[in-house]
Structure formats: structure tokens, C-alpha cells
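Participant: here are the coordinates; sequence isn't available:
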RNA sequence: GCGCCCGUAGCUCAGUGGAUAGAGCGCUGCCCUCCGGAGGCAGAAGUCGCAGGUUCGAAUCCUGCCGGGCGCGCCA
């Protein structure tokens, strides 16, 4: 059963009242906003301004009638309505509405903010070449993809996290050759990192090994390390999908036989990707007989299609930009639903070290790894920082700065607020808190301080915020939300005494419940980001 | 040349049609008889790249231009 929340109910009431006024269907575009200033009320709507063109009346006149309808409809929930500016309708809610909202949040418990999406979603992310350790760029993908997955899970979807392993082809072979070179004490041509030497030492007989075999073994070892690193970063992959396995099972050849739009020209095999908007058709098998890099991807997507997901999200780096259209084309040519497959392009993480750009190429060997970053600033700060920006903007991260400022990172502020609430609840005592949670809040005569209203409104936004962040593939919104919630808790803490509230005429039960709910929302927000919510710091 | 992304405070960035554009860091000045000072309050700081257009209303949508990034192979 879907749990309704007070804000969406309010939004619904506004929409219906507006529709009734127009005598037409619901007004979907009507907004219910938190106004920029307290004297504009608790909530405001632009419905009257939207109705004005079709109704042929002045917005303020419509707002007048809308206000009357709403006041009647909402009864004791609304204290008064005001018309302002070009036709905004500002709603001033009563303490009773706040008490009822708190009670409903408490009753909803864990269901507050959760949805019943029910879709099977696959998120492919990271998928970094297994020829070296996870870098900071991949760490951003990891933070993004995992947080997105967590949000979809909260929305009620079943999510599978998958890592596509490029363990075949030229790069793999060169990796094998590099391992052998190190084993022989030579300088490799390709992968020059120290870790290659380490691998060479761990693989028996590497000095005389076959490069393909060495690559296979080296990739196995690298993947173990990658998985460990991801676990440490609180990212758990449900599946590592091997590109090599697609060759070995014959899936690549089968895919080329079955996909639509294949033709031969100039001795090569092509896929008509222009049919789906690509700039030019793409080669599947070169005239030399070799399969192109693109070919196994066809097979991989065929495999995904066969698994029957409702939706696939593929998180790629900006270097795959020119690859997007052909992947969409391949998906369509395989018979996939174009609306079910989605590619998200992440922008870069530019690393600076003391103002100088750090090198990230695995082949160059100078790598800033995810492990090194975590050693430096910790998992919490790293996940927060890498998730805190929109995926389509690049991040300039000066390691020296991140290191020196780690104590000022906003993540600590949010965690501090959580720990502080925990401390207040400890001070109140378990029994006291349990008693507060058991009271009928609706009977309270608590008069809400503006800071308390502001905080409660923020908590009530949680469901909408999670939905929005998930639907727009924008987990970074959660960092903004969590920080705002923490700030508003701090204001509430400053203005409203919790333990001993009666001394200032307040209701301790109500304030304890606010604390419990605020703590829960902060913890869940942090969890969506893969950040811990400590009881004390 | 073509395509995509970005351009918002000194710096890093939020803000995909609403009211006086925000946060963190940095800067200036205050606040610990008070449930956690890893805190709070106040202040300085902006032609939202530029120019048009759509709209009652534009940082947001459209067009053009300028600046930056990335991508455009029978490479992987």
C-alpha cells in the first residue's frame, strides 16, 4: 500500500480545488512551493496564475476564490490564506496541521519516503578496465551509480548493480605482455605502474608465460582487488560480467547473426547505426576478419535484453561520448525498447596536487587510486564529495585542499547534527523517548516555533526529494537536502529546548518526536549516499 | 568543421518558468552561566558569459555569438 504524505495531500488538494474552479481536469502544473520568506506563509501555489489565461480572469481574482475554496476544504489545517504579488496564494498552516503531519510521519515509519516502483532495474557502472586499480574517476562513477541504485531501491525498484569487465582484446593482451616484462625485469611498453610488478611476483612462471594467460591471471587478481576496494567504498556489485565469456560462449557470433541491420561492404561487416541517428555506420568485423571493439558490446546488450529488465541505466565516462549513439542503435537493432535503455555520461574528475594536475592514466603508471583517496580523506568524505555534484559537470579536486579541509567538509556537519540528536535522545533516556513516541501528538497544544516549522517542512519533503533525485538521476540533490536538513535542525536546536521543554512552555513529547524523525531522515539521507550516520563523534 | 556538456559570489558548486538568486570554503566582526562550539549570529562579496526572442514572470525555455572541456578510426 502506498503511504500518502501530508505534503502530497496538500498538493493534491490545491490541484483539485484549482480544477474545480476551472471545471476541468486536474491542474498538474500547479506547484506547491516553500516560499522564499516566512511572511509568505508555509506553502504557496502559483495555480491562480496558471489558470488566468484559460479562465480569462485576473490572477488575483482567481486566487481569491481559490483561497476561499481551499480554506473551506482544508478546514482546521489552514490558519489563513493570503494573496500576494502577481497572484500567488500563500497558505499559513496551523499548529494542528503540523502536529497531524508529525503523527503521520511517525505512523508511516520506514514506509515514509519509500515507493512501490516494482520495476527490475539494472545499473551498469564503473566497468573500468581491469588492467589496474580503481582510480578517482571510477570512484566518482561508483559513488554516483551506487547512490542512484540506493535511491531506486528506496523507490521500490529491484536493482542489480553490474560491472562489465573488459578482459578480452588488445588491452588485455598488452596487460599480459606488461606483466611478463616486469617478471623479466624489463620496462613494459604499456602498463608501467608498480602494481604490475607486484602482479608479476604473484604469478608463478610469469617470465615465460603466454601473454593471454598472464592477462587472464592478472585480471583475476586485479578484479579481486577492485572488488575489495569497492566494498571498502561501500559499493557491492551483484555481478561482474566478463567480456571474454562472450567470445568463449560464441555469444558474439550469435549476436552478429541475429541483430537487424547488418550488411557487408568493402570486405567488412557493418551495422546500420545511422538508422538510429548515428553519424555513420559502424564496423562489426574488419576486412581483416578481426572483430571490432564494438562487436562484443552487441552481444553484451543482447544478454542484458534477454534478462528482461524493465529498465537499464548505463553509466559511462565522457570518453565514451562518441559511443552513445551506436549503443542506442545497437539496442534498437536488437529489438530493445528504446524507452527502457538509458545512458548517463559522467564528466571528469580532474585531480590536482598542490595546484598541479595529477596524471591518471593507468598506462603511465602515475595513478591516484580510490584506495589512496580513501586513505587520505576517508570513505564518508570521499563518497560525499564525489556524489555532491551533478554528473554532467566536471569536478576539480585538489587533493591537498581536500586533505587539509577534510574537517570542514559539509559531510561532517551533517554527521555532527545526527550525532547531536543522538546525544539529546540519550539524555532524555530510552523510556522517555518511547513514551513520547506513544503519545497522541494531535492532542498537543504545542505552538511551533518558526525554526521547528522550517525543520518539519524539510522532513516532510523527504519523499518528494528522493523521488525527484531518483527520477532525474541526480543523487547529488541528496547532499544538498541533507545539508539543509542539518542546518535546520541546528536552528531548531538553538531556538527550542527539547529536554526540559516545559520550562519554556513547550511540549517535550512533540520535540522529542521531531528529534527522532529528524535523526531518522538524516540517517536515511546519508545512507542513500553511502555515508555513515554516527551516534557520536 | 560537426556533435554533446559547462559558463551563477574571490574559490568549489546548488538552483531545468515564480516573489528580494543560495550553500560550503575563504574574508571581516561578534557569541561558550544554555540538551554536543566539529556550533551559532551578523557583514562584505553577483551585468547568473554576451545579445536578441517567448512569457504576466527567465539563471532556467528558443535563436545567434563568445569562452572552456570532451568526443568524432575497418584504434581499444
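Facilitator: Done, it's in. Keep in mind the model is a prediction, meaning the values are calculated, not measured.
Participant: Please work out which residue of the stretch 351-500 of chain A is closest to RNA strand B.
Facilitator: The nearest approach of the stretch 351-500 of chain A to RNA strand B comes at residue A:423, 2.6 Å away (CB to the nearest atom of the strand). Where C-beta positions appear, they are placed from N, C-alpha and C, glycine not excepted.
Participant: Can you tell me the SS state at that residue?
Facilitator: Under the three-state scheme (DSSP: H, G, I helix; E, B strand; the rest coil), residue A:423 adopts helix.
Participant: Could you report the neighbour count for it?
Facilitator: When neighbours are counted by other CB atoms under 10 Å, residue A:423 registers 13.
Participant: Surely it and residue A:536 touch.
Facilitator: Yes - here residue A:423 reaches residue A:536: they are 6.8 Å apart, a contact under CB atoms under 8 Å.
Participant: returning to that earlier point: please list all residues in contact with the residue of the stretch 351-500 of chain A closest to RNA strand B.
Facilitator: Contact partners of residue A:423, counting by CB atoms under 8 Å, 6 or more residues apart in numbering, are residue A:536.
Participant: Next, work out how far apart it and residue A:534 are.
Facilitator: 11 Å (CB to CB, to the nearest Å).
Participant: thought residue A:96 was touching residue A:444?
Facilitator: No - look at residue A:96 against residue A:444 with CB under 8 Å: they stay out of range, at 9.3 Å.
Participant: which of those two has more neighbours?
Facilitator: Applying other CB under 10 Å to residue A:96 and residue A:444 shows that residue A:444 carries more neighbours, namely 19 against 16.
Participant: Could I get the contacting residues of residue A:277?
Facilitator: Residue A:277 neighbours (CB under 8 Å, 6+ apart): A:325, A:328, A:329.
Participant: what's the answer for residue A:371, then?
Facilitator: A:133, A:134, A:229, A:232.
Participant: Doesn't residue A:172 lie inside a helix?
Facilitator: Yes - Residue A:172: assigned to a helix according to three-state DSSP.
Participant: Show me which residues of the stretch 151-300 of chain A are close to RNA strand B?
Facilitator: Residues of the stretch 151-300 of chain A found near RNA strand B (CB under 7 Å from any atom of the strand) are A:169-171, A:265-268, A:279-280, A:282-283, A:286-288, A:290, A:292-294.
Participant: What of the stretch 351-500 of chain A?
Facilitator: A:388-390, A:392-396, A:405, A:407-408, A:410, A:412-413, A:416, A:419-420, A:422-424, A:427, A:472, A:474, A:476-477, A:480, A:483, A:487, A:490-491, A:493-494, A:496-500.
Participant: In strands, which of the residues you listed fall?
Facilitator: Here DSSP state E is the test, and these give A:395, A:396 as lying in strands.
Participant: Narrow the residues of the stretch 351-500 of chain A next to RNA strand B to just the buried residues.
Facilitator: Among those, the ones that count as buried by 16 or more other CB atoms under 10 Å are A:388-389, A:395, A:410, A:412, A:419-420, A:422, A:424, A:474, A:476-477, A:483, A:487, A:490, A:493, A:496, A:498-499.
Participant: circling back: for the contacts of residue A:371, which one is nearest residue A:101?
Facilitator: Nearest to residue A:101 among those: residue A:232, at 39.6 Å, using CB to CB.
Participant: Tell me, how many residues neighbour the closest one?
Facilitator: Around residue A:232 there are 12 residues (other CB under 10 Å).
Participant: thought it was touching residue A:375?
Facilitator: No - counting by CB under 8 Å, residue A:232 stays clear of residue A:375, with 10.1 Å between them.
Participant: So, low pLDDT: which residues of the stretch 251-400 of chain A?
Facilitator: Within the stretch 251-400 of chain A, the segments meeting pLDDT under 70 span A:353-367.
Participant: can we see that at 50?
Facilitator: A:360-365 (pLDDT under 50).
Participant: Indicate the residue of it located nearest to RNA strand B.
Facilitator: residue A:322 (2.3 Å).
Participant: Can you get me a residue count around that residue?
Facilitator: Residue A:322 has 9 nearby residues by other CB under 10 Å.
Participant: can you check residue A:256 too?
Facilitator: Applying other CB under 10 Å, we find 18 residues neighbouring residue A:256.
Participant: Pull out the buried residues from stretch A:191-210.
Facilitator: So for stretch A:191-210, counting by 16+ other CB under 10 Å, buried means A:191, A:192, A:193, A:195, A:196, A:197, A:199, A:200, A:203, A:206, A:207, A:209.
Participant: Give me the distance between the last one and residue A:60.
Facilitator: Distance check for residue A:209 against residue A:60: by CB to CB, it reads 82 Å.
Participant: Equivalent analysis for the first one, please.
Facilitator: Distance check for residue A:191 against residue A:60: by CB to CB, it reads 70 Å.
Participant: Over to the third one?
Facilitator: Using CB to CB, residue A:193 is found at 68 Å from residue A:60.
Participant: Over to the fifth one?
Facilitator: Computed with CB to CB, the distance linking residue A:196 and residue A:60 is 72 Å.
Participant: check contacts around the residue in the stretch 101-250 of chain A that RNA strand B sits nearest to.
Facilitator: With CB to the nearest atom of the strand, the shortest gap between the stretch 101-250 of chain A and RNA strand B falls at residue A:169, namely 3.2 Å. By CB under 8 Å, 6+ apart, residue A:169 lies in contact with A:243, A:293, A:296.
Participant: buried ones in stretch A:117-134?
Facilitator: A:117, A:121-134.
Participant: roughly how far is it from the heart of the chain?
Facilitator: Mean C-alpha position of stretch A:117-134 versus that of the full chain (CA atoms, centre = their mean, to the nearest Å) differs by 13 Å.
Participant: tell me the mean pLDDT for it?
Facilitator: Averaged across stretch A:117-134, the pLDDT comes to 94.
Participant: and residue A:241, what pLDDT?
Facilitator: 97.
Participant: returning to that earlier point: dump the contacts of residue A:277 into TSV; add secondary structure as well.
Facilitator: Shown next, in TSV, are the contacts of residue A:277 (three-state DSSP):
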residue	secondary structure
A:325	helix
A:328	helix
A:329	helix
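Participant: And residue A:166, its phi and psi?
Facilitator: phi -80, psi 80 (degrees, to the nearest 10).
Participant: Contacts only, for residue A:467.
Facilitator: Shown in contact with residue A:467 (CB under 8 Å, 6+ apart): A:115, A:155.
Participant: Relative to residue A:410, how far out is it?
Facilitator: Distance from residue A:467 to residue A:410, by CB to CB: 23 Å.
Participant: How about residue A:508?
Facilitator: 30 Å.
Participant: How about residue A:18?
Facilitator: 38 Å.
Participant: What of residue A:63?
Facilitator: Distance, residue A:63 to residue A:410, by CB to CB: 38 Å.
Participant: Give me the local confidence score for the residue of chain A positioned farthest from its centre.
Facilitator: In chain A, the residue that sits farthest from the middle, by CA atoms, centre = their mean, is residue A:208; the gap is 46.2 Å. Residue A:208 is assigned a pLDDT of 93 by the prediction.
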